[in-house]
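*Asks:* A structural model of the following input is requested.
(chains A and B)
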Amino acid sequence: AQSVAQPEDQVNVAEGNPLTVKCTYSVSGNPYLFWYVQYPNRGLQFLLKYITGDNLVKGSYGFEAEFNKSQTSFHLKKPSALVSDSALYFCAVRDGVSGGYNKLIFGAGTRLAVHP
Amino acid sequence: NAGVTQTPKFQVLKTGQSMTLQCAQDMNHNSMYWYRQDPGMGLRLIYYSASEGTTDKGEVPNGYNVSRLNKREFSLRLESAAPSQTSVYFCASSEARQGREAFFGQGTRLTVV
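*Replies:* From the prediction side, this is the model:
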């Protein structure tokens, strides 16, 4: 069964510093990986995804993520954090096994707090 | 450009009452989903509909039923609400192809007292 782990409940970063939000996954076939952000009292917004190809994918608001197949990880990164980046971040995975339908499964979420 | 629309936004129910959460999408997506969000547990899949005419159980289906009314609409019903169903419920939709991201509604905050 597919699963996603976000090992940190909260990440604290000073504004201007780089940030990393960690995600590891487990799937049967090739993974399709996604990052979403949730601001207070809002739905989830799509940030970026990895399907195939370049291991470094770029997304919205200056975020990027690095796919590492050997470590089964898909960490979210940003070179310089902003206070406005403070939100709840979710990693999600859908496995690429052919035949049948593959559900989109989410991690527990990581709260990012960027301090001025 | 509405995207995914959920109604209602807020609801308070008494234990044992029933209600239906409505969801509609205008993106012509084949697949639709219902998730619940609880603190520290992320989003858990309740039911999904891979395409019009099909529905399947997710991780936490007990106490819920769904109806895929047509391609646009996917409703979630609580037949006899319990306090454990207090949560924020999100509907989402996506194209059927596996690499496609899902789009989410704004959520329904449900409290069962």
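*Asks:* Chain A against chain B: which residues are in contact?
*Replies:* A:6, A:9, A:32, A:34, A:36, A:41-46, A:49, A:51, A:90, A:94, A:96, A:101-109 (CB under 8 Å from any CB of the partner chain). Where you see a C-beta, it was placed from the backbone N, CA and C, and this is true even at glycine.
*Asks:* Quick one: buried ones out of these?
*Replies:* A:6, A:32, A:34, A:36, A:43-44, A:46, A:49, A:51, A:90, A:94, A:96, A:102-109 (16 or more other CB atoms under 10 Å in any protein chain shown).
*Asks:* May I have the residues that are in contact with the nearest residue to A:Glu8 once chain neighbours are set aside?
*Replies:* Leaving aside its sequence neighbours, A:Glu8 sits nearest to A:Thr110 (CB to CB, 6 or more residues apart in numbering or on different chains; 5.2 Å). A:Thr110 is in contact with A:Gln6, A:Glu8, A:Asp9, A:Gln10, A:Val11, A:Val21, A:Lys22, A:Leu88, A:Tyr89, A:Phe90, counting by CB atoms under 8 Å, 6 or more residues apart in numbering or on different chains.
*Asks:* and which of those residues is nearest to chain B?
*Replies:* A:Phe90 (6.3 Å; CB to the nearest CB).
*Asks:* what about that closest one, which helix or strand?
*Replies:* strand A:87-95 (DSSP states H and E).
*Asks:* Sheet-wise, list the partners of that strand with their directions.
*Replies:* Note on strand A:87-95: by DSSP bridges, its sheet partners are strand A:31-38 (antiparallel), strand A:105-106 (antiparallel), strand A:110-115 (antiparallel).
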